[in-house]
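J.: would you be able to build a 3D model of this:
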Amino acid sequence: MSQQDTDLIYSKPHTKVADFRFDAQVVEVFPDMIKRSVPGYNTIIETIGQLSHKYAQDNSNIYDLGCSLGAASLAMRQNISAQNCQIIAIDNSKEMVERCQIHVNAFKANTPCTVKQGDILSEDMHNASVIVLNFTLQFIPSEQRQTLLSKIADALLPGGVLILSEKIYDNDPVCKDLLNDLHHNFKRANGYSDLEIAQKRAAIENVMLPDTLTTHLQRLDNAGFRHATPWFQCFNFFSLIAIK
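T.: Numbers count the residues shown, from 1 in each chain. Modelled structure (predicted):
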């Protein structure tokens with residue numbers, strides 16, 4: 001990996017740490033940032049592909065909401081065997097959408113994938129068998145998360161699934177500190193300095209607001225999902241599947 005592709009955004013002191021944005025600077029280093037910051041990310045992406053193979057229904061839509069560079073969309077394209085499906089990948093970052101389109105164009109598959117810039121809170125969704133929110137809900141304003149999950153549930157066909165990955169926090173302060181310490185150690189082991197960890201935390205604390213697992217499960221129940229269970233957790237990162 002060249003230095004240009006390496007995440008050095010917070011390697012030098014910032015006079016004022018601005019709120020985190022998915023801009024061109026982040027797009028350039030995003031794969032490295034995710035690899036070094038999110039434990040188990042590759043496992044989550046691979047399993048999203050497997051779950052899409054199991055749950056994608058013929059003649060249905062597949063949505064990747066907050067698709068970033070399209071990792072989940074590509075995993076689903078490689079695994080879906082249902083007939084006459086299409087993947088619709090949506091992100092509100094112009095820079096992410098442009099790079100995602102390049103990635104999608106580079107890989108041919110039977111399932112078509114449309115990439116579009118848009119606000120997932122207002123985008124139309126219908127006739128869906130699989131919907132993915134992979135580390136996306138945590139960037140939605142807290143007061144709008146239930147509305148979005150209810151909208152997703154309404155868009156899903158019977159037997160359709162939501163795959164939801166998020167960073168979570170624990171209400172128990174001892175457990176919360178433990179999980180945070182383990183995550184910071186993970187970052188250090190991947191080459192981030194204490195300065196980088198501190199400045200990234202300052203940049204993201206106002207734009208990424210995690211919930212407890214209990215809150216997530218309660219929202220899914222409120223939205224009308226019949227079954228929901230976590231299938232992955234490493235430190236304070238988890239993924240669950242909810243079935244309509």
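J.: for the rest of this, base every contact and every neighbour count on C-alpha atoms.
T.: Fine.
J.: any regions of this protein where pLDDT drops low?
T.: The chain contains residues with pLDDT under 70 at 1-4, 7-11, 15, 17, 19.
J.: show me where it has its helices.
T.: Assigned by DSSP state H, the chain shows helices spanning 24-37, 41-55, 71-79, 94-106, 145-155, 173-189, 194-204, 213-223.
J.: for the longest strand that the chain contains, buried residues please.
T.: In the chain, taking DSSP state E as the definition, the longest strand is strand 156-167. Neighbour counts using 16 or more other C-alpha atoms under 10 Å place 156, 157, 159, 160, 161, 162, 163, 164, 165, 166, 167 of strand 156-167 among the buried residues.
J.: one more: stretch 192-207?
T.: 192, 196, 197, 199, 200, 202, 203, 204.
J.: with stretch 218-236 instead?
T.: By neighbour count with 16+ other C-alpha under 10 Å, stretch 218-236 contains the buried residues 219, 220, 221, 223, 225, 228, 233, 235, 236.
J.: the residue most central in space within the chain bridge partners, please.
T.: Residue closest to the average C-alpha location in the chain (C-alpha atoms, centre = their mean): residue 134, at 2.0 Å. Bridge pairing for residue 134 (DSSP bridges) gives the partners residue 165.
J.: domain parsing for this protein?
T.: Using automatic domain parsing, the domain ranges for the chain come out as 3-37+170-204, 41-169+210-243.
J.: hey, which of these is tucked in deepest?
T.: Ranked by mean neighbour count, the domains of the chain are led by domain 41-169+210-243 with a mean of 19 (mean count of other C-alpha atoms under 10 Å).
J.: identify the farthest-apart pair in the buried residues of strand 156-167.
T.: Largest separation among these by C-alpha to C-alpha: 157 and 167, giving 27.1 Å.
J.: ok, residue 158 to residue 86 distance?
T.: From residue 158 across to residue 86, the span is 18 Å (C-alpha to C-alpha, to the nearest Å).
J.: for residue 80, which residues are in contact?
T.: Applying C-alpha atoms under 8 Å, 6 or more residues apart in numbering to residue 80 gives the contacts 49, 52, 53, 54, 56, 111.
J.: out of those residues, flag the one nearest to residue 102.
T.: Closest to residue 102, out of all of the contacts of residue 80 and judged by C-alpha to C-alpha, is residue 111, at 16.4 Å.
J.: now the buried residues of strand 156-167 in TSV, with distance to residue 66?
T.: TSV is the format used below for those (distance: C-alpha to C-alpha, whole Å):
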residue	distance to residue 66
156	17
157	21
159	23
160	19
161	17
162	14
163	13
164	11
165	11
166	12
167	15
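J.: now, which of these sits nearest residue 76?
T.: Nearest to residue 76 among the buried residues of strand 156-167: residue 163, at 11.9 Å, using C-alpha to C-alpha.
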